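Novice: Got a sequence here, can you model it:
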Amino acid sequence: MTDPPPPSPLPTPTPSGIHVIIVGAGFAGLTAAISCALKGHTALLLEKSATLSPLGDVISFGQNASRFFSRWPGVRARLDPLIHKSEEVVFNDWTGRYVTTQSFKEEHRAWGTRVNGHRGEIHKVLWEFVEGLEGVEVRMGANVVGYFEEGGKAGVEMEGGERLEGDLVVAAEGVRSKGRGLVLGVEEKPLASGYAVFRTWFDAEEVARNKKTRHLVVDGDSHTGWIGQDVHFLAAAVKDGKEMSWVCTHRDEASIEESWQFPGRVEDVLKVVEGWDPVVVELVKLTPPERLFDYKLVFRDPLPTFVSPLARTILIGDAAHPFLPTSIQGASQAMEDGVALAACLDRAGKGRVQEAAQVWERIRYKRVHAVQQTGITTREQWHKADWNAIWKDPESLHLKREEWVLNFDAEADAYARYDAVREVLAAEGKL
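Specialist: Next up is the predicted model:
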């Protein structure tokens with residue numbers, strides 16, 4: 001483990017006078033709020049849900065994001081008991097034949113450790129950290145119905161008619177963000193990707209009792225993958241084998257007009273894995289039906305911009321760039337967005353918020369879309385696998401763990417590149 005110990009509490013930052021409105025308290029919005037507060041900006045965080053929900057399943061943060069957990073006082077220490085501890089993944093084919101083991105030990109020594117765990121539990125840790133920060137006001141049950149820009153300010157309109165204004169508005173409420181209409185000038189709907197994921201997380205007591213599945217949990221945390229034709233199944237034991245999560249990605253052409261998350265049905269998963277390794281089949285049968293979800297994967301073509309015409313409203317996280325799960329980077333890139341934004345605002349200052357938004361977009365745009373592409377690459381690597389080639393080179397199944405993605409500090413990058421990017425934008429006549 002190369003992660004640094006939790007730092008001492010940070011000194012109170014010098015107030016910048018910049019007021020940011022953040023819509024959506026997912027990982028993108030929470031990171032933006034935390035990062036802004038730590039830079040001396042004030043943030044109003046608006047969340048539509050009236051209460052926090054503990055529901056969810058596995059979520060992964062690469063080293064490019066987990067480094068920030070370590071920088072926020074006390075956060076990493078609170079996460080450590082919750083997260084997945086295995087440093088390898090075992091790959092099998094769909095019948096259960098062993099193919100290869102991919103170790104992450106060298107990666108962890110060189111770049112720090114990842115953070116994989118329950119979405120709701122990790123979110124709760126960050127939420128409680130936000131609640132203890134000066135400079136962040138949180139409003140729950142706050143439904144934003146519209147965005148506007150006028151008179152050198154940006155703002156949102158709330159259900160009931162209240163209008164709130166700030167120096168910058170950050171739309172972080174996901175792929176159906178209403179902020180997209182203001183930024184793009186048109187309303188755009190997400191599209192079905194042609195794939196879906198069955199997902200679950202549950203107590204592993206019955207898994208440990210079952211002869212076919214007990215090896216997944218009895219020795220603590222484990223990570224196992226089964227790769228089939230246009231289907232892959234990943235199972236992870238967490239919290240020293242006390243809890244189990246699995247995801248199964250498969251072809252699906254269902255409509256996403258109204259929703260893309262539905263209750264899952266065990267019988268539907270069994271059809272997808274018919275004829276597979278009995279371990280997989282048994283694990284599916286042991287899944288509590290009420291803990292199974294059917295999640296249709298959505299995508300959007302790369303947007304022409306993340307910033308509104310007046311550069312007072314921006315899109316971050318899934319609102320700007322939804323990721324496929326096979327990228328293992330969606331949440332990490334959302335965090336990078338928030339951290340880089342706060343740094344750009346810090347570098348620009350109160351009088352140049354619009355400049356900060358434009359520089360931020362230029363810094364983030366190419367990187368985020370390059371990382372986004374890795375989700376398609378990995379999906380095709382597994383779902384269109386040439387098994388004759390794989391048996392000759394089993395390591396071709398390994399996840400691509402690239403240094404340019406993972407050994408990256410979005411905050412340092414924003415500070416290092418700010419002036420050069422600003423000069424380029426000025427030369428282009430965009431500032």
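
Novice: Distance of the closest residue to residue 182 other than its chain neighbours relative to residue 226?
Specialist: Nearest-residue entry for residue 182: residue 147, 4.3 Å, with adjacent residues in sequence omitted and distances by C-beta to C-beta, 6 or more residues apart in numbering. In short, each C-beta sits where N, CA and C put it, glycine included. Residue 147 sits 44 Å away from residue 226 when distances are taken as C-beta to C-beta, to the nearest Å.

Novice: These two - which one has more neighbours?
Specialist: Neighbour count, other C-beta atoms under 10 Å: between residue 147 and residue 226, residue 226 has more, with 26 against 23.

Novice: Name the helix or strand for the residue nearest to residue 182, please.
Specialist: For residue 147, the host element (DSSP states H and E) is strand 144-150.

Novice: The nearest residue to residue 56 once chain neighbours are set aside: how many residues sit nearby?
Specialist: Spatially, and ignoring its direct neighbours in sequence, residue 56 is nearest to residue 119 (3.3 Å; C-beta to C-beta, 6+ apart). Residue 119: 21 surrounding residues under other C-beta under 10 Å.

Novice: Got the phi and psi for residue 119?
Specialist: As for residue 119, its main-chain torsions (degrees, to the nearest 10) stand at phi -50, psi -50.

Novice: Please tell me I have it right and it contacts residue 59.
Specialist: Yes: applying C-beta atoms under 8 Å as the test, residue 119 and residue 59 come out as touching, 4.1 Å apart.

Novice: what residue is smack in the middle of the protein?
Specialist: With distances taken as C-alpha atoms, centre = their mean, the chain has residue 331 as the residue nearest its mean C-alpha position (1.3 Å).

Novice: mind listing what it touches?
Specialist: Residue 331 makes contact with 27, 59, 60, 61, 65 under the criterion C-beta atoms under 8 Å, 6 or more residues apart in numbering.

Novice: so the first one sits right up against residue 334, yeah?
Specialist: Yes: taking contact to mean C-beta under 8 Å, the distance of 5.1 Å between residue 27 and residue 334 places them in contact.

Novice: list residues touching both of the two?
Specialist: residue 317.

Novice: So for these two, which residue has more residues nearby?
Specialist: Between residue 27 and residue 334, residue 334 has the larger neighbour count (other C-beta under 10 Å), namely 29 against 26.

Novice: Flag the shaky bits of the stretch 201-350 of the chain, pLDDT-wise.
Specialist: Under the criterion pLDDT under 70, the flagged ranges of the stretch 201-350 of the chain are 253-261, 299-300.

Novice: Could I get the full set of helices for it?
Specialist: For the stretch 201-350 of the chain, helices defined by DSSP state H, counting those that start in this stretch occupy the ranges 205-209, 266-272, 278-285, 330-348.

Novice: What residues sit buried inside the very next helix or strand once past the last one?
Specialist: Beyond helix 330-348 on the C-terminal side, the first helix or strand identified by DSSP H and E is helix 353-383. By neighbour count on 16 or more other C-beta atoms under 10 Å, the buried set for helix 353-383 is 353-365, 367-368, 371-372, 374-375, 378-379, 381-383.

Novice: Pull the number of nearby residues for residue 104.
Specialist: Residues lying near residue 104 (other C-beta under 10 Å) number 17.

Novice: hang on, the earlier thing: close enough to count as contact, the residue nearest to residue 182 and residue 315?
Specialist: No: look at residue 147 against residue 315 with C-beta under 8 Å: they stay out of range, at 10.5 Å.

Novice: anything in contact with each of the two?
Specialist: With C-beta under 8 Å, 6+ apart, residue 147 and residue 315 have common neighbours 171, 179.

Novice: any idea how this protein splits into domains?
Specialist: The record, using automatic domain parsing to delimit domains, assigns the chain the ranges 19-85+114-189+301-390+402-427, 191-299.

Novice: now these in JSON lines, with distance to residue 396?
Specialist: Written out in JSON lines, the entries for the domains of the chain read as follows (distance: least, C-beta to C-beta, whole Å):
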{"stretch": "domain 19-85+114-189+301-390+402-427", "distance to residue 396": "6"}
{"stretch": "domain 191-299", "distance to residue 396": "11"}
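
Novice: winner for burial among those?
Specialist: With neighbours defined by mean count of other C-beta atoms under 10 Å, none of those is more surrounded on average than domain 19-85+114-189+301-390+402-427, at a mean of 20.

Novice: what about it, start to end distance?
Specialist: Terminal residues of domain 19-85+114-189+301-390+402-427 are spaced 28 Å apart (C-alpha to C-alpha, to the nearest Å).

Novice: Keeping just the C-alphas, turn the helix or strand where residue 389 lies into PDB.
Specialist: Secondary-structure assignment from DSSP H and E places residue 389 in helix 387-392. Written as PDB, here are the backbone C-alpha positions of helix 387-392 (Å, rounded to 0.1, in the frame of the first residue of the first chain):
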ATOM      1  CA  TRP A 387     -11.200 -18.000 -27.700                       C
ATOM      2  CA  ASN A 388      -8.700 -19.700 -30.000                       C
ATOM      3  CA  ALA A 389      -6.500 -16.600 -29.500                       C
ATOM      4  CA  ILE A 390      -7.300 -16.300 -25.800                       C
ATOM      5  CA  TRP A 391      -6.100 -19.900 -25.000                       C
ATOM      6  CA  LYS A 392      -2.800 -19.000 -26.800                       C
END
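
Novice: now it: mean pLDDT?
Specialist: Along helix 387-392, the predicted local confidence has a mean pLDDT of 92.
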